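A.B. asks: Build the 3D model from these lines:
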Amino acid sequence: MNFSDFITHHGKRVNKEAFVNLVQVSKTDGKINKEEMELLHKEGRKFGLTDPEIDKLIHSERHHSYHPPYSLDEKFEHLYNVAGMILADDVADQKELKMIRRFAIEAGFRDDVIDKLLDLLLEGVRKGEDEEKLLHQFKKILRG
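C.D. replies: Numbers count the residues shown, from 1 in each chain. Next up, the predicted model:
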C-alpha cells in the first residue's frame, strides 16, 4: 500500500483501500441500495471523509486488488466492516459471501478457521454484537 493511499487531497489521513473494499462489496449485486449507501457514508465519515469525497470514491471505484491489513485486530475489523456492509440490506447473497471469503483468504486466515470466522462475523453483525466482543470470541477459537 502506498503512502498516498492514506491521504486525501485535503491532507486527511484515511485508508482509502479499506473504504474502496466496502464499496466493492456494496456493488456486488450491481447496485448500491439506500441502506448500503447510508452505511458507506457512515464508514467514510469515520475515516474523516466528507460526503462529496465519499460520493466521488463511490462513483470512481473500479476493481482494486485487495491489500489486507497486517495485524489480526485490523484484519478482523476490516472483515467486521465488510460483514456489516453485506448485511446492510439484511440479505447476504452468494456474490457477497464469495467476496468476504476471498478477503479472509487473502488476509491469510487459515482454511480451518475461515468458516468459523465468517459465521461468527455474520451472525454477530446480524445480532448487533460489538466488534471487540466478537474479536475476543474469535481469538478463543484460534487458541482452540
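A.B. asks: quick one: least confident helix or strand in this structure?
C.D. replies: helix 16-26 (a mean of 79; mean pLDDT, DSSP states H and E).
A.B. asks: chain center to the following helix or strand past that helix, what's the gap?
C.D. replies: Downstream of helix 16-26, the next assigned helix or strand under DSSP states H and E is helix 34-46. Here the centre of mass of C-alpha atoms in helix 34-46, compared against the chain's by Cα atoms, centre = their mean, to the nearest Å, lies 12 Å away.
A.B. asks: Over to stretch 41-59?
C.D. replies: The answer for stretch 41-59 is 14 Å, by Cα atoms, centre = their mean.
A.B. asks: First-to-last residue distance for that stretch?
C.D. replies: Across its full length, stretch 41-59 reaches 13 Å between end residues, using Cα to Cα, to the nearest Å.
A.B. asks: average pLDDT across it?
C.D. replies: The average pLDDT for stretch 41-59 rounds to 85.
A.B. asks: Kindly report the same for stretch 77-89.
C.D. replies: Mean pLDDT, stretch 77-89: 92.
A.B. asks: gap between that stretch and the chain center?
C.D. replies: 5 Å.
A.B. asks: Tell me how far Gln24 lies from Ala18.
C.D. replies: 11 Å (Cβ to Cβ, to the nearest Å). Bear in mind the C-beta positions are built from the backbone N, C-alpha and C, glycine included.
A.B. asks: Looking at those two, which has the bigger crowd around it?
C.D. replies: Ala18 (21 against 18; other Cβ atoms under 10 Å).
A.B. asks: tell me the contacts of the more buried one?
C.D. replies: The contact partners of Ala18, by Cβ atoms under 8 Å, 6 or more residues apart in numbering, come to 47, 69, 78, 81.
A.B. asks: for those residues, which one is nearest Glu129?
C.D. replies: Nearest to Glu129, judged by Cβ to Cβ, of these is Asn81 at 13.9 Å.
A.B. asks: how deep is that closest one tucked in, by neighbour count?
C.D. replies: Neighbour tally, Asn81, other Cβ under 10 Å: 21.
A.B. asks: That one sits in which helix or strand?
C.D. replies: With DSSP H and E as the test, Asn81 turns up in helix 72-86.
A.B. asks: Give me the helices and strands touching that helix, please.
C.D. replies: helix 16-26, helix 34-46, helix 94-106, helix 111-126, helix 131-143 (3 or more Cβ pairs under 8 Å, 6 or more residues apart in numbering; DSSP states H and E).
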